[in-house]
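> Let's see this in three dimensions:
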Amino acid sequence: MDVFARILRRRAVEPDAVRDVDAAWDAFGEFLQIEVEGIERPESDGDGFIVEWGKWDWCDDQPSLSFGRLFAVNDAGDRDDPDWQPEYWKVELQLIFAEDPAWADLDSLGHQDTGFDYDEIGAPRIAALGEMRRFIEPYPQLAAMWRAEPTRSGLTLERAG
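Below you'll find the model as predicted:
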């Protein structure tokens with residue numbers, strides 16, 4: 001999480017006061033290229049990313065867009081245990097927006113996320129980020145949100161289910 005915060009700040013973006021979604025997206029793309037030790041290998045879905053949107057109670061039911069990176073941490077527990085599973089952790093940048101007619105029907109999109117992508121760091125991940133962006137662009141509500149200024153934001157690290 002600290003690495004992502006430093007990347008944001010280097011781009012003149014404060015994690016708790018994001019005003020430019022494109023700048024946050026570019027910082028997210030840079031963050032996704034950082035190798036992380038102690039996680040499962042890519043073929044075991046050890047390092048993935050996702051874009052999510054909607055209105056959630058933890059965001060006061062305000063329209064939200066989030067960029068998340070999920071890690072499967074492999075240094076916890078007894079790997080010889082037949083029920084062993086890695087711990088999943090998510091670094092997430094939440095962008096919260098004011099209500100606006102441009103995205104009033106955000107919940108009607110049918111998709112609430114892009115799905116996780118586990119492409120390897122480097123060119124495959126850059127291509128996957130481009131695909132994610134192209135997935136979002138055809139939705140007028142999301143395109144309008146992308147051009148808007150968030151009212152607040154937050155960067156978190158939480159254990160994921």
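> in the protein, which spans are strands?
Taking DSSP state E to define them, one finds strands in the chain at 47-55, 63-73, 87-96, 152-160.
> Could I get the contacting residues of Phe28?
Under the criterion of C-beta atoms under 8 Å, 6 or more residues apart in numbering, the neighbours of Phe28 are 4, 49, 67, 69, 93. (C-beta placed from N, C-alpha, C; glycine too.)
> Now with 7 Å, please.
By C-beta atoms under 7 Å, 6 or more residues apart in numbering, Phe28 lies in contact with 67, 93.
> angle of the longest helix seen in the chain against strand 47-55?
With secondary structure taken from DSSP state H, the chain has its longest helix at helix 123-136. Angle of helix 123-136 versus strand 47-55, following axes from the mean of the first three to the mean of the last three C-alpha atoms, to 10 degrees, is 10 degrees.
> ok so, going back, mean neighbour count, the strands of the chain: which tops it?
Mean neighbours per residue, mean count of other C-beta atoms under 10 Å, is largest over the strands of the chain for strand 63-73, with a mean of 22.
> got the contact list for Val91?
Neighbouring residues of Val91 by C-beta under 7 Å, 6+ apart: 1, 4, 68-69, 157.
> so which of the strands of the chain gets nearest Phe31?
Closest to Phe31 of the strands of the chain, according to C-beta to C-beta: strand 63-73, at 6.8 Å.
> quick one: the closest one to strand 87-96, angle?
Angle of strand 63-73 versus strand 87-96, following the same axes, to 10 degrees, is 160 degrees.
> Determine the set of other helices and strands touching strand 63-73.
If contacts are counted by 3 or more C-beta pairs under 7 Å, 6 or more residues apart in numbering; DSSP states H and E, strand 63-73 sits against helix 21-31, strand 47-55, strand 87-96.
> Contacts only, for the nearest residue to Gly115 once chain neighbours are set aside.
Counting by C-beta to C-beta, 6 or more residues apart in numbering, Gly115 lies nearest to Ile50, which is 6.8 Å off, once chain neighbours are set aside. Counting by C-beta under 7 Å, 6+ apart, Ile50 touches 68, 70, 113-116.
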